[in-house]
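sequence first, predicted coordinates after that:
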Amino acid sequence: MLLIISALLPVFMVIVLGYCLRHFAVLDASAWHGLENLCYFVLFPVLLVKTLAVAAIGTADIARFAATLLFAIFTMSALLLLAYPALHRYCRVTPAAFTSLVQGATRWHGFIALSMVGLLLGDEGVAYMAVTMALIIPPLNIINVMVLAHFGDAEGNLSQVFMKLLRNPFIIACALGAALNVTGLGLPSLLYSSADIIGSAALGIGLLTVGAGIHLSGIRDHRGLVVFGALLRLLGMPALMFTGCLLFGVEGLPRTVAMLAAAVPTAAASFVLARQMGGDAPLMANLITLQVLGASVTMPLVIWLSQTV
């Protein structure tokens, strides 16, 4: 429990710093907008390419592990899409808010996951988490960009959605990273070192922009929606992942890694993507904050479940 809290606390402190910087007008709105663009078009894509290009994905029993991961994310996405008409009609969930719910429930903070696995499970756990990143980052980005393109742009049609996918820097980065990995080219040491320097800025700046986008009144005004979104991510996704582990026979360390990946908060990049593609960015920022807080309570339960049942 203490290890998990110590891993999450620095993340939350950076978010709080971003909130304070915006609240006290240390940077103006145009500066924050510039930082969001930097994250969206440069920092996060470079980080994705660097991570996927060198991810270890050649293990023998990867098929069952992959099936479990994909089962959880596709099932959650399908359930939310099926529930949207009811959420829209009876709970007054707007299309923009729905995109944030989908992102909040399906995307994951890979670098929080990597740091926690390193502390709790060592190098072997880190290797499995790298495989997890290589397997689920591309479909998660495609799913969420498609949802944002459709629900975030009321005038969009299928061809516009397709063009947005082709131009999206996250999709391009995932495709490039996967191609470098599959072909065995990887990244030359010089390029890798440069990408590492650029990519290392993504998490900190991304979290600052998350904090800058927080509106605490939004939590009060949409308290039920924020809590619902946090429960979807912190309890719903682990439940689906555990079901997948049972269905596909994933046990031991791979099960623990899969459950940890399911239980971490949603990605900091979700806020940037929401701002760029017409999602509900303030709701997204509040979902991230509440999930970061809530994960310190739910993650020990998820770890216990994965190792004892």
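It's in.

hey, which helix is longest across this structure?
Ranked by residue count and defined by DSSP state H, the top helix of the chain is helix 110-151.

so what secondary structure elements neighbour that helix?
Helix 110-151 makes packing contacts with helix 2-23, helix 44-54, helix 62-90, helix 95-106, helix 158-167, helix 169-182, helix 252-263, helix 269-276 when contacts are defined by 3 or more CB pairs under 8 Å, 6 or more residues apart in numbering; DSSP states H and E. The C-beta positions use only the backbone N, C-alpha and C, and glycine is treated the same way.

which of those helices has the lowest mean pLDDT?
Of all the helices and strands packed on helix 110-151, the minimum mean pLDDT falls on helix 158-167 (a mean of 64).

let me know the average pLDDT across the longest helix of the chain.
On average, helix 110-151 scores 77.

cool, and stretch 234-247?
Stretch 234-247 shows a mean pLDDT of 96.

what comes up buried for it?
Across stretch 234-247, burial judged by 16 or more other CB atoms under 10 Å covers 234, 235, 236, 237, 238, 240, 241, 242, 244, 245.

kindly report the same for stretch 169-183.
Under the neighbour-count criterion of 16+ other CB under 10 Å, stretch 169-183 has 169, 170, 171, 173, 174, 175, 177, 178, 180, 181 buried.

my read: residue 142 touches residue 166, true?
No: here residue 142 does not reach residue 166: they are 11.4 Å apart, not a contact under CB atoms under 8 Å.

higher neighbour count, those two?
Neighbours were counted for residue 142 and for residue 166 using other CB atoms under 10 Å; residue 142 has more, 16 against 10.

what's the closest non-adjacent residue to that one?
Spatial nearest neighbour of residue 142, excluding adjacent residues (CB to CB, 6 or more residues apart in numbering): residue 171 at 6.4 Å.

the buried residues of stretch 234-247 into TSV, with extra columns for distance to residue 206?
Shown next, in TSV, are these (distance: CB to CB, whole Å):
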residue	distance to residue 206
234	20
235	25
236	24
237	21
238	24
240	26
241	25
242	29
244	29
245	30
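
the helix or strand hosting residue 242 to helix 95-106, inter-axis angle?
Assigning secondary structure by DSSP states H and E places residue 242 in helix 237-248. In terms of direction (axes from the mean of the first three to the mean of the last three CA atoms, to 10 degrees), helix 237-248 departs from helix 95-106 by 50 degrees.

list the contacts of the residue lying closest to residue 277 once chain neighbours are set aside.
In this structure, residue 277 finds its nearest non-sequential neighbour in residue 148, 4.0 Å apart by CB to CB, 6+ apart. When contacts are counted by CB atoms under 8 Å, 6 or more residues apart in numbering, residue 148 touches 99, 103, 273, 274, 277, 278, 279.

just the residues you listed now: which is nearest residue 298?
Within the contacts of residue 148, distances to residue 298 taken as CB to CB reach their minimum at residue 103, with 18.5 Å.

the closest one and residue 268 touch, don't they?
No: the criterion here is CB under 8 Å, and residue 103 misses it with residue 268 at 11.1 Å.

if we can go back for a sec, wait, the residue nearest to residue 142 touches residue 143, no?
No: Residue 171 is beyond contact range of residue 143, at 11.0 Å (criterion: CB under 8 Å).

any chance of the helices and strands packed on helix 110-151 in JSON lines, plus distance to residue 131?
What follows is the helices and strands packed on helix 110-151, written out as JSON lines (distance: least, CB to CB, whole Å):
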{"stretch": "helix 2-23", "distance to residue 131": "20"}
{"stretch": "helix 44-54", "distance to residue 131": "11"}
{"stretch": "helix 62-90", "distance to residue 131": "7"}
{"stretch": "helix 95-106", "distance to residue 131": "19"}
{"stretch": "helix 158-167", "distance to residue 131": "25"}
{"stretch": "helix 169-182", "distance to residue 131": "11"}
{"stretch": "helix 252-263", "distance to residue 131": "8"}
{"stretch": "helix 269-276", "distance to residue 131": "20"}
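
closest one to residue 202 among those?
helix 44-54 (4.6 Å).

residues near residue 121, how many?
Around residue 121 there are 18 residues (other CB under 10 Å).

equivalent analysis for residue 298, please.
20.

could you do residue 61 as well?
For residue 61, using other CB under 10 Å, the count is 10.

per-residue pLDDT, it?
Residue 61 carries a pLDDT value of 71.

go through the helix or strand encompassing residue 303 and flag the buried ones.
Taking DSSP H and E as the criterion, residue 303 maps to helix 281-308. Buried positions in helix 281-308, judged by neighbour count with 16+ other CB under 10 Å: 281-292, 294-296, 298-300, 302-303, 305-306.
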